[in-house]
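Chemist: okay, structure incoming, though there's no sequence with it:
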Ligand code: IMP
């Protein structure tokens, strides 16, 4: 069976990507499974740079086709911060809870109209003779208090436009219908399909 290596150390992303791709004909493993987690660096200035850097590094280290996700939350009032620094917003090893707390503090009692935000996800694929980068977004607002315990990261604070539940209150299938990650992966699917069909 052909193999696809996920160039991420984030177990939540691994779970979501596996659920969204839902392809039993490809074996999905992670950089950690192959002991090359230390090759994952995120020092670029954009999601695109980081995603491509991770996919390339893992393809180079393993010789296997690699898929990377770089993603984050852009809050308009904060000039698109935390953006690429979403995971480290409240400090280098910050927990999701600390990041959420910092976000709530920065927004304070701002009205809903000014609490608009967008999740962005950039997916990069690197394999022999091919590099592809695609992206997806999802707009919504940042609530004043967390709601729900599903998902990860900023999910309990993010209520997508046109929906009553936060990502933290949605079942994973509901989130995948509209999420930034799912939208980006839908764009990447034809590329993966073509690659794995001709490779194998
Ligand atoms: P990365 O590893 O630099 O791409 O960090 C991504 C960070 O963005 C995560 O640690 C979360 O804080 C945030 N993030 C990305 N995607 C999601 C999502 O689907 N839900 C909630 N938070 C997310």
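Modeler: Sure, I can see it. Quick caveat: nothing in here was measured; it's all calculated off a predicted structure. Numbering: from 1, shown residues only.

Chemist: and the helix or strand containing residue 5, average pLDDT?
Modeler: Residue 5 belongs to strand 3-6 when assigned by DSSP states H and E. Summarised as a single mean, pLDDT over strand 3-6 is 98.

Chemist: any idea how far apart the tips of stretch 3-16 sit?
Modeler: 18 Å (Cα to Cα, to the nearest Å).

Chemist: distance of residue 2 from residue 155?
Modeler: 32 Å (Cβ to Cβ, to the nearest Å). No exception for glycine: its C-beta is placed from N, CA and C like everyone else's.

Chemist: what do you get for residue 117?
Modeler: For residue 117, the distance to residue 155 equals 12 Å [Cβ to Cβ].

Chemist: got it, and residue 170?
Modeler: 8 Å.

Chemist: likewise residue 194?
Modeler: In terms of Cβ to Cβ, residue 194 sits 32 Å off from residue 155.

Chemist: out of the two, which sits in the more crowded spot?
Modeler: residue 155 (24 against 11; other Cβ atoms under 10 Å).

Chemist: list the contacts of the more buried one.
Modeler: Residues near residue 155 by Cβ atoms under 8 Å, 6 or more residues apart in numbering: 148, 166, 167, 168, 175.

Chemist: pLDDT value on it, please?
Modeler: The model reports residue 155 with a pLDDT of 98.

Chemist: need the contact list for the residue nearest the centre of the chain.
Modeler: Note on the chain: the residue nearest the mean C-alpha position is residue 71, at 4.0 Å, using Cα atoms, centre = their mean. Applying Cβ under 8 Å, 6+ apart to residue 71 gives the contacts 13, 47, 86, 119, 120, 121, 122, 180, 181.

Chemist: same thing but 10 Å
Modeler: By Cβ atoms under 10 Å, 6 or more residues apart in numbering, residue 71 lies in contact with 8, 10, 13, 47, 50-51, 84, 86-87, 119-123, 135-137, 153, 179-181, 184.

Chemist: which of the residues you listed fall within helices?
Modeler: 13, 47, 50, 51, 180, 181, 184 (DSSP state H).

Chemist: part of a helix, is the residue nearest to the centre of the chain?
Modeler: No. Residue 71: not assigned to a helix; according to DSSP: H, G, I helix; E, B strand; the rest coil it is strand.

Chemist: can you give me the strands in this structure?
Modeler: Assigned by DSSP state E, the strands in the chain fall at 3-6, 27-30, 66-75, 81-82, 116-127, 130-142, 158-160.

Chemist: quick one on the thing from earlier: contacts with the ligand among the ones in helices among the contacts of residue 71, please.
Modeler: Subset of the ones in helices among the contacts of residue 71 in contact with the ligand: residue 181, counting by Cβ under 6 Å from any ligand atom.
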